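J.: After the sequence you'll find the predicted model.
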Amino acid sequence: MRSHIVISIIVFLSILLSGYDLLAQQMQNSVYGNYLINPEKVEKPTENELNKFVNAIKQVNEIERKFNEIYIEKLEESGLTLERFNQMKAEYQQVGDQLDATETEKQKFEKITKELTESQVSMKNTVLTAVESTGLEIKRYEEILIYANDNPEMKAKIKSMMIE
């Protein structure tokens, strides 16, 4: 439940800041807890909610930036290059433990994967706390994500508010 929301937040930030419109596809199957959020029934956010939402986005962006620094630092410490780690990750998703790698690489990969997973859990909790600290419930935050994705004017307004 919480990881889906964090992923939604990160995807929204990436898309909002880069200008792409792929969020619609990501949010079609949006689930909060046991509630399916129907984009057609999401209410337009109030100005107060928008201010809280933008504040939350800024906080999440900073958290994500710090996590990325930690990710890169841990990867460098592991001795694997980003390219090799990504190759091994893709291969692992296809063949599991039967990686085409040396024993040393496998050990490094396992260690860094564990460390990154632990960091991601920490980041997710930090993101959720940050969003809730703005006064928005996570469910409402996700509803605003959906509303902004479906409404170009709202997306533009949020982008403008991000710059202020």
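T.: Arrived safely. Residues are numbered from 1 along each chain as shown.
J.: Please report phi then psi for Gly135.
T.: When read as degrees, to the nearest 10, the backbone of Gly135 gives phi 100, psi 0.
J.: residues near the closest residue to it other than its chain neighbours, how many?
T.: Leaving aside its sequence neighbours, Gly135 sits nearest to Lys52 (C-beta to C-beta, 6 or more residues apart in numbering; 5.1 Å). Any C-beta I mention is one placed from the backbone N, CA and C, and that applies to glycine too. Other residues near Lys52 come to 20 when the count uses other C-beta atoms under 10 Å.
J.: What are the buried residues along the one helix or strand Lys52 maps to?
T.: Using DSSP states H and E, Lys52 sits within helix 47-78. Within helix 47-78, the residues that count as buried by 16 or more other C-beta atoms under 10 Å are 49-50, 52-57, 59-61, 63-64, 67, 71, 74-75, 78.
J.: In contact with the residue nearest to Gly135, which residues are there?
T.: By C-beta atoms under 8 Å, 6 or more residues apart in numbering, Lys52 lies in contact with 134-136.
J.: how about Asp100, phi and psi?
T.: phi -90, psi 80.
J.: how far away is it from Gly79?
T.: Separation of Asp100 from Gly79 (C-beta to C-beta, to the nearest Å): 18 Å.
J.: This completes my enquiry, with thanks.
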